[in-house]
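Undergrad: pasted the sequence and its predicted model underneath.
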Amino acid sequence: MDLQEYLISKLIKLAPKANHLLLAVSGGADSLALLFLLKDSNYKISVAHFDHSLRADSAKDAKFVANICKKYQLDFISEKADVAKIAKAKSWNIEDAARRLRYSFLSRSAKSIGADFILTAHNKNDQAETVLMQLFRGSAYLKGMKAKRGQILRPLLDLERNELEAYLAGIGQDYLTDSSNFDIDYARAYLRHKTIPELSKRYPNLIKNLANLANLQKDIFKHNQKQALKLINNSEINNQELKAADKAITRQAVAELLRSVRALNSHKQVENILNNLTDNKPLRIDINKEHFARIAYGKTKIISKNIKSLKESKVKNKADLPNNIKEEILEIKGLVYRSKKAGDFIELSFGKKKLSDIFINKKIPREDRGQIKVLAAKQEVFWIENIAANPQYEIKQIDYDKKFMKLALEQAKLAYKNNELPVGAVIVKDNKVIAKAYNQSEKLKDPSAHAEVLAIKQAAKKLNDWRLSDCILYVTLEPCPMCFGASLQAHLAKLVYAAKNIKEGAIDSIVELNSFDWKRNIEIKSGPLAKESSKLLQDFFKAKR
């Protein structure tokens with residue numbers, strides 16, 4: 001396969017639906033090779049050139065590229081910026097400033113002309129340099145550059161620079177050499193012209209090996225990231241689950257938590273958080289000017305230092321009310337939604353209670369209290385979002401998930417008494433229990449006699465139909481692959497589980513089978529009575545030991 005065929009096949013894999021491509025062309029060998037390899041392809045090609053103004057003769061580069069585009073009738077876009085001046089004004093180093101400004105220009109240009117993707121000519125040599133720079137910076141993973149990152153495509157990462165130069169020589173096309181690329185005051189130039197040539201004398205396959213390392217590290221990163229993200233729920237991490245995970249996953253989870261709020265993400269920050277996981281009094285660790293890490297009540301969360309109170313809004317009609325509040329409350333004058341205020345109180349069934357005391361008793365961290373919506377008139381509060389309501393105005397609602405999970409937990413307790421793994425299940429149709437079961441693998445000497453499977457068989461017999469499409473399964477432990485498969489085959493509408501199954505869970509813990517492209521999907525909910533179900537399992541295994 002020649003270079004053009006290789007490049008086209010790579011682009012088809014990276015962006016199969018691409019049509020209009022914007023090429024970033026400096027005039028150097030790499031980017032010019034990219035241009036000539038694609039100019040006669042079936043893609044619509046536009047060319048962008050960014051003048052960094054880092055050399056007195058940099059305008060000649062733009063003219064060189066513009067003339068080539070004119071010759072081959074390619075759309076050409078260019079922009080000039082005084083990178084050194086901007087870097088000084090913003091306290092950036094010049095290399096970082098050049099990268100930021102260049103990609104900003106490319107992104108704006110692609111948007112203005114409707115290009116599908118931006119192509120850069122980074123190659124295997126660039127990848128090797130990037131891996132070394134990551135090593136010297138102390139990066140967690142030496143994964144180099146991605147072949148695809150958002151709108152940016154780098155289809156030449158598997159080709160070495162000398163292959164691209166040989167291609168240009170073969171077609172008789174000259175190219176530019178940027179003298180600033182030889183200025184070893186720049187980190188990348190130092191690696192390119194000093195470090196890598198010196199190391200290559202002893203290790204001839206250095207470029208190839210560093211590029212291979214990047215590919216291996218990408219795979220390791222993807223695996224660790226996938227496992228780590230399972231520990232993050234609603235932008236926070238359960239400290240016990242964090243401690244129980246492998247060390248590499250705990251580090252990755254904290255790093256992902258920091259990244260999710262665009263906080264800094266250094267090894268020092270990650271280790272500082274991990275070294276301070278404690279169940280003692282709440283701890284707050286400074287991250288940067290905008291964020292701190294809060295370790296409190298068994299959870300770790302990254303908090304913004306600039307949290308604002310909720311904007312006050314008037315309640316005018318029934319449509320404005322929460323679903324569980326009676327319409328008669330509208331007779332109260334001055335009813336508004338807002339954040340808590342000093343002196344707020346609420347009347348509950350056992351008497352008047354200060355909101356501050358309620359938040360303390362509920363172990364709600366102080367930073368979160370101002371984001372909780374309350375329905376109030378003056379200092380009296382009638383409803384606290386997801387926490388409490390004045391019983392005089394409250395419409396009592398049945399928590400069916402909790403109600404039926406309690407029944408499943410009763411089944412799990414029966415399993416415990418019978419020396420079976422304490423897992424219980426019930427199946428519900430139209431809010432009525434039609435089947436209930438607990439694990440009986442020991443008694444029946446049957447590896448398939450899990451609570452879910454036994455309950456599904458009961459329900460099918462009860463309805464005289466193997467399709468349970470209007471039914472909900474409640475189970476105290478996240479199902480294993482077998483039980484999830486049975487649920488899928490039974491056409492269950494919904495599956496609610498309590499505790500996570502960190503060894504065999506097929507929904508969130510080990511694999512995410514419901515995310516696959518099955519003929520149908522099951523609605524999944526987790527969490528009701530998770531603590532109670534987990535404790536029963538812990539007690540069971542403790543007694544076994």
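TA: That came through, no problem.
Undergrad: okay, and for the chain, where does confidence drop off?
TA: Low-confidence segments of the chain (pLDDT under 70): 1, 179-180, 182, 265, 279-280.
Undergrad: state which helix of it is the longest.
TA: Using DSSP state H, we find that the single longest helix of the chain is helix 206-229.
Undergrad: quick one: distance of it to the chain centre.
TA: Centroid separation for helix 206-229 versus its chain: 18 Å, with C-alpha atoms, centre = their mean, to the nearest Å.
Undergrad: residues making contact with the helix or strand following it?
TA: Note on helix 206-229: by DSSP states H and E, the next helix or strand toward the C-terminus is strand 232-233. For strand 232-233, the surrounding residues in contact (C-beta atoms under 8 Å, 6 or more residues apart in numbering) are 253, 256, 257, 260. Placement of C-beta: from N, CA and C, glycine included.
Undergrad: now do the contacts for the first one.
TA: Meaning residue 253. Counting by C-beta under 8 Å, 6+ apart, residue 253 touches 228, 229, 231, 232, 237, 242, 245.
Undergrad: report the separation between the residue at the greatest distance from the centre of the chain and residue 235.
TA: Within the chain, residue 172 marks the point farthest from the mean C-alpha position, 47.4 Å out by C-alpha atoms, centre = their mean. Using C-beta to C-beta, to the nearest Å, one obtains 57 Å as the distance from residue 172 to residue 235.
Undergrad: what of residue 540?
TA: The gap separating residue 540 from residue 235 is 33 Å, by C-beta to C-beta.
Undergrad: stretch 108-120 spans what distance, first to last residue?
TA: Using C-alpha to C-alpha, to the nearest Å, one end of stretch 108-120 lies 15 Å from the other.
Undergrad: now that stretch: how far from the chain's centre is it?
TA: 26 Å.
Undergrad: so which bits of that stretch are buried?
TA: By neighbour count on 16 or more other C-beta atoms under 10 Å, the buried set for stretch 108-120 is 109, 110, 115, 116, 117, 118, 119, 120.
Undergrad: for the fifth one, which residues are in contact?
TA: In this case it means residue 117. Contacts for residue 117 were tallied using C-beta under 8 Å, 6+ apart; they are 15, 18, 21, 22, 110, 151, 152, 153.
Undergrad: among those, which are in strands?
TA: Among these, the members found in strands (DSSP state E) are 21, 22, 152, 153.
Undergrad: farthest pair within the residues you listed?
TA: 21 and 152 (11.5 Å; C-beta to C-beta).
Undergrad: find residues that contact each of these two.
TA: 117, 118.
Undergrad: which of the two has more neighbours?
TA: residue 21 (23 against 19; other C-beta atoms under 10 Å).
Undergrad: ok, the more buried one touching residue 44?
TA: Yes. Between residue 21 and residue 44 a contact is recorded at 7.0 Å, counting by C-beta atoms under 8 Å.
Undergrad: hmm, residue 223 and residue 252 touching each other?
TA: No. Counting by C-beta under 8 Å, no contact exists between residue 252 and residue 223, whose distance comes to 9.4 Å.
Undergrad: and the closest residue to residue 416 other than its chain neighbours, what does it touch?
TA: With C-beta to C-beta, 6 or more residues apart in numbering as the criterion, residue 416 has its nearest non-adjacent residue at 4.0 Å, and that residue is residue 422. Residue 422 makes contact with 412, 413, 415, 416, 438, 439, 476, 536, 537, 540, according to C-beta under 8 Å, 6+ apart.
Undergrad: do residue 119 as well
TA: Residue 119 makes contact with 21, 22, 23, 24, 34, 38, 153, 154, 155, according to C-beta under 8 Å, 6+ apart.
Undergrad: could you do residue 462 as well?
TA: Here residue 462 is in contact with 434, 435 (C-beta under 8 Å, 6+ apart).
Undergrad: helix or strand: which one has it?
TA: Secondary structure (DSSP H and E) places residue 462 in helix 451-463.
Undergrad: compare residue 252 and residue 223 (neighbour count), which wins?
TA: Neighbour comparison, residue 252 and residue 223: the larger count goes to residue 252, with 24 against 13 (by other C-beta under 10 Å).
Undergrad: ok so the more buried one is a strand residue?
TA: No. Assigned with DSSP: H, G, I helix; E, B strand; the rest coil, residue 252 falls outside any strand and is helix.
Undergrad: how far away is it from residue 133?
TA: Distance check for residue 252 against residue 133: by C-beta to C-beta, it reads 21 Å.
Undergrad: with residue 198 instead?
TA: Here residue 198 is placed at a distance of 16 Å from residue 133 (C-beta to C-beta).
Undergrad: so which bits of stretch 443-453 are buried?
TA: For stretch 443-453, a neighbour-count test (16+ other C-beta under 10 Å) marks 449, 450, 451, 452, 453 as buried.
Undergrad: how is the residue nearest to residue 416 assigned, secondary-structure-wise?
TA: Recorded secondary structure, residue 422: coil (three-state DSSP).
Undergrad: now it: how far from residue 482?
TA: Counting by C-beta to C-beta, the gap from residue 422 to residue 482 is 18 Å.
Undergrad: got it, and residue 322?
TA: Separation of residue 322 from residue 482 (C-beta to C-beta) stands at 41 Å.
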